[in-house]
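Asker: Any chance you could fold what I've pasted below:
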Amino acid sequence: MDIGRIRTDTPGCARVAHLNNAGAALPPYPVIEAVNGHFALESTIGGYEAAEQNAEAVQHFYDAVAGLIGAGADEVAYVENATRAWDMAFYSIPFADGDRILTTTSEYSSNAIAYRQMAEAKGAKVDVVPDEADGTLSLEALEAELAKGDVRLVSLNHIPTQNGLINPAAEVGRLCREHGVLYLLDACQSVGQLAVDVEEIGCDMLSATGRKYLRGPRGTGFLFVRRDILRTLVPPFLDLRAADWKSPDGIEMRDDARRFETWERYVAGQIGLGVAADYATGLGMANIEARVTDLAAKLRAALAERPGVTVLDKGARQSGIVTFTVDGHEPDAIKKAARAHDVNINVTYPASHGYDPDARPTAVRASVHYYNTEEELERLLAALPQK
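Answerer: Prediction:
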């Protein structure tokens, strides 16, 4: 990849060292121009009219995202964020009393709340699969839980929000297929930084966001639903985008993933998200993954050499998310000090960690992307307090 050209393509790179890509990445000019251009068109000819004029660009979103993740365009739905995409998938599953949900210790608290709600409403049971010593989901323990039976769903994150591990998504998919169990993958931190192929992974549903590593607009996301399970899922709510009104006594749901959409949407964002998917595909996800992994490894190594710094990341395989603490200094204060040096980082809090048994501390989270440079990593290190 031509990093210089990519940084020129990214106006934010001239202003900040942006190491908060797990929060919201800096968009490139093609995405900015697509979103701004459509919004400007809306302001001059009207929203409905602009959507009609740009119908081809709106439709292209489905092809672009499908190409990025190895899906069919009919298996992709545009949803306003990853949380809503995940919710639309999860709450469409017909849980019954005694059904088991298997998840991981690194699950995001928003998802854990949904499990609890389903347990209380339907009598489902939530079982947390233990980890290997390195913090990765234990495949042996997962297989043992699947063998016990009554599992309706395996649901986990590809990359957790609070540390750098990458869960073995494809291996989980293999086990789920062997046992005939639904598999929902939260990929909001992986799409855009890892090569994600839904056929290789074997997930039945996958949710993702636009604003993080995909470098798309905020307020955008998508849901993948495998074609052969689509008819078994009833979205938690429907409108005239998701279903057709046939008579006062009948409706007919769409037979593609767009049964999970609503009619009203952020049209400029949908166009921009399609452009973001094209941009990532054009660079090559294998190239992006290699660059992100390398930068994160360099940052972890440099942090580990600093007195008083503890790197908290787990996993045999690690992502672009780097978490750490500095003895005697609060993470929020470190974030504020870094911001004063035009370095963007974030903080992760225990309340987001769901079932993590280690009660992980509040920590600094620096998340790199391919447009970052080694010099920007040095700027972060220079902004950190000395012991």
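Asker: Not counting its neighbours along the chain, what's nearest S367?
Answerer: A22 (3.6 Å; C-beta to C-beta, 6 or more residues apart in numbering). C-beta: built from backbone N, CA, C; applies to glycine.
Asker: Correction: the previous question concerned G192.
Answerer: Here the residue nearest G192, using C-beta to C-beta, 6+ apart, is Y213, at 3.0 Å.
Asker: does that neighbour count as helix, strand or coil?
Answerer: coil (DSSP: H, G, I helix; E, B strand; the rest coil).
Asker: contacting residues around it?
Answerer: Contact analysis of Y213 by C-beta atoms under 8 Å, 6 or more residues apart in numbering lists 21-22, 25, 189-193, 292, 320, 369.
Asker: Could you pull out the strands in the stretch 51-200 of the chain for me?
Answerer: 76-79, 100-104, 125-129, 151-157, 182-186 (DSSP state E, counting those that start in this stretch).
Asker: Highest average neighbour count across those strands: which stretch is it?
Answerer: Sort those by mean neighbour count, taking mean count of other C-beta atoms under 10 Å, and strand 76-79 sits at the top with a mean of 28.
Asker: which helices and strands sit right next to that strand?
Answerer: Here strand 76-79 is seen to pack against helix 55-69, helix 82-90, strand 221-225 when contacts are counted using 3 or more C-beta pairs under 8 Å, 6 or more residues apart in numbering; DSSP states H and E.
Asker: one more time with 10 Å
Answerer: helix 55-69, helix 82-90, strand 205-209, strand 221-225, helix 267-283 (3 or more C-beta pairs under 10 Å, 6 or more residues apart in numbering; DSSP states H and E).
Asker: Tell me which helix or strand comes right after the last one.
Answerer: Think helix 267-283. Once the chain leaves helix 267-283, the next helix or strand it forms, by DSSP states H and E, is helix 285-304.
Asker: circling back: give me the secondary structure label for the residue nearest to S367.
Answerer: A22 ends up coil, using three-state DSSP.
Asker: My guess is it contacts S352. True?
Answerer: No - using C-beta atoms under 10 Å as the test, A22 is too far from S352 to be in contact (11.7 Å).
Asker: So if I had to pick from these two, which one is more boxed in?
Answerer: A22 (28 against 15; other C-beta atoms under 10 Å).
Asker: could you list every residue that touches that one?
Answerer: By C-beta atoms under 10 Å, 6 or more residues apart in numbering, A22 lies in contact with 159, 161-162, 164, 188-189, 193, 212-213, 319-323, 345-346, 348, 365-369.
Asker: for C203, same thing?
Answerer: So C203 contacts 69, 154-156, 158, 169-170, 172-173, 176, 182-187, 196, 224-226 (C-beta under 10 Å, 6+ apart).
Asker: and if we set it to 7 Å?
Answerer: 173, 183-185 (C-beta atoms under 7 Å, 6 or more residues apart in numbering).
Asker: Pull the most distant pair out of the residues you listed.
Answerer: Pairwise distances across the contacts of C203 peak at 11.0 Å for G173 and L184 (criterion: C-beta to C-beta).
Asker: would you list the contacts of C203 in CSV and tack on distance to E374 and pLDDT?
Answerer: Below are the contacts of C203 laid out as CSV (distance: C-beta to C-beta, whole Å; pLDDT from 0 to 100):
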residue, distance to E374, pLDDT
G173, 35, 98
Y183, 38, 98
L184, 37, 98
L185, 32, 98
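Asker: Please convert these to a markdown table, extending it with distance to R265.
Answerer: Shown next, in a markdown table, are the contacts of C203 (distance: C-beta to C-beta, whole Å):
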| residue | distance to R265 |
| --- | --- |
| G173 | 30 |
| Y183 | 27 |
| L184 | 22 |
| L185 | 23 |
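Asker: Nearest to P235 among the residues you listed?
Answerer: For the contacts of C203, the nearest to P235 is L184 (14.1 Å; C-beta to C-beta).
Asker: what's the closest non-adjacent residue to Q162?
Answerer: T348 (4.4 Å).
Asker: Contacts only, for that neighbour.
Answerer: Contacts of T348 (C-beta under 7 Å, 6+ apart): 161-162, 323, 363, 365.
Asker: does it have beta-bridge partners, and which?
Answerer: On the basis of DSSP bridges, T348 is bridged to A363.
Asker: ok, now how distant is it from D356?
Answerer: Distance, T348 to D356, using C-beta to C-beta, to the nearest Å: 11 Å.
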